[in-house]
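S.K.: fold the stuff below for me.
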Amino acid sequence: MNKEELLMEISKKAKSTKKDAGLVLDAMIDTIQKAVKKGDKVTLVGFGTWERRQRAARTGRNPQTGKEIKIAAKKVPAFSAGKKFKELLLK
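M.R.: Alright, predicted model coming up:
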């Protein structure tokens, strides 16, 4: 499902226009991204949690040459599915 299909489903379920659904979805995504960037956790109970995690520096290998390379530490976004969401997938 792409964003266009998602907006169609949201607008049907919310009985609103596709434009309004798009504005709400864009606002939600923007808000989550800004919060996670600041280091906050965003939790929707039953659905999941978005957060920023620190990935440690490590040594890797260049697949073409086999030479060791240093991979710098960095911050990455992470999503953990909530209990209800996980249970839904098991059915």
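S.K.: pretty sure Ala81 contacts Gly46?
M.R.: No - with contacts defined as Cβ atoms under 8 Å, Ala81 does not count as touching Gly46, sitting 9.7 Å away. In this view, the C-beta of every residue, glycine as well, is placed from N, C-alpha and C.
S.K.: would you map out the domains in the chain?
M.R.: 1-39, 41-91 (automatic domain parsing).
S.K.: in the protein, which spans are strands?
M.R.: Applying DSSP state E to the chain gives strands spanning 42-44, 48-55, 58-61, 68-71, 74-81.
S.K.: so for the second one, what gets flagged as buried?
M.R.: I take that to be strand 48-55. By neighbour count, and taking 16 or more other Cβ atoms under 10 Å as the criterion, the buried residues in strand 48-55 are 48, 50-51.
S.K.: average pLDDT for it, rounded please.
M.R.: Regarding strand 48-55, the rounded mean pLDDT is 97.
S.K.: C-alpha coordinates for that strand, CSV please?
M.R.: Taking C-alpha atoms only, strand 48-55 is exported to CSV below (Å, rounded to 0.1, in the frame of the first residue of the first chain):
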residue,chain,number,x,y,z
GLY,A,48,3.6,1.1,18.4
THR,A,49,6.4,3.4,19.5
TRP,A,50,8.7,5.5,17.4
GLU,A,51,12.1,6.5,18.9
ARG,A,52,15.6,7.6,18.1
ARG,A,53,18.3,5.0,18.8
GLN,A,54,22.1,5.4,18.9
ARG,A,55,24.0,2.9,16.7
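S.K.: right, I'll call it a day here.
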